[in-house]
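Visitor: One predicted model, sequence on top.
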Amino acid sequence: MNGQCCTPQKKTYRNDEEKKQLTKRLNIIEGQIRGIKQMIEDDRYCDDVLTQMLAVNKALDSLENVILEKHLERCIAKQIKEGNTDVTEEIMNLFKKMR
């Protein structure tokens, strides 16, 4: 096979508004991460740093939930409608990774 994959890469196409919303959330998270880095450099109190880290974790969890919901509604549902029952294994593996 000369090292080439014979199956197409899976993609999820998102409309411009959805991309805008996801990017906005990611930009906020990125700013929070930079803030934590600055807090470390400024020798801020551990409790303050940990509180900011909790906020980042919650923001990531929230983003994860949005993407998972869309994945189930759009990608998984479409594959099931098309008769692809192998998708159940894919979703089970995803849930295992998320634990």
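Guide: In hand now; what should we look at?
Visitor: Mind telling me what element residue 94 is part of?
Guide: helix 87-98 (DSSP states H and E).
Visitor: Could you list the alpha-carbon positions for that helix in CSV?
Guide: This file holds the C-alpha atoms of helix 87-98, laid out as CSV (Å, rounded to 0.1, in the frame of the first residue of the first chain):
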residue,chain,number,x,y,z
VAL,A,87,-20.5,3.7,14.8
THR,A,88,-21.7,2.3,18.2
GLU,A,89,-18.2,1.0,18.8
GLU,A,90,-16.7,4.4,17.9
ILE,A,91,-19.0,6.2,20.4
MET,A,92,-18.2,3.7,23.1
ASN,A,93,-14.5,4.1,22.6
LEU,A,94,-15.0,7.9,22.7
PHE,A,95,-16.8,7.7,26.1
LYS,A,96,-14.1,5.5,27.5
LYS,A,97,-11.4,8.1,26.5
MET,A,98,-13.5,10.8,28.1
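Visitor: residues of it that come out buried?
Guide: 87, 91 (16 or more other Cβ atoms under 10 Å). In this view, the C-beta of every residue, glycine as well, is placed from N, C-alpha and C.
Visitor: Report the mean per-residue pLDDT for it.
Guide: Taken as a whole, helix 87-98 has an average pLDDT of 90.
Visitor: swap in stretch 49-57?
Guide: Rounded mean pLDDT across stretch 49-57 is 98.
Visitor: buried residues in that stretch?
Guide: Residues of stretch 49-57 classed as buried under the neighbour-count rule (16+ other Cβ under 10 Å) are 49, 52, 56.
Visitor: for the first one, what are its contacts?
Guide: Each residue near residue 49 by Cβ atoms under 8 Å, 6 or more residues apart in numbering is listed here: 36, 39-40.
Visitor: Go through those residues and flag which are in helices.
Guide: 36, 39-40 (DSSP state H).
Visitor: before we move on, back to that, what's in contact with the helix holding residue 94?
Guide: Against helix 87-98 from outside (Cβ under 8 Å, 6+ apart): 64, 68, 72, 76, 79-80.
Visitor: one more time with 10 Å, if that's ok
Guide: With contact meaning Cβ atoms under 10 Å, 6 or more residues apart in numbering, helix 87-98 is reached by 10, 64, 68, 71-72, 75-80, 84.
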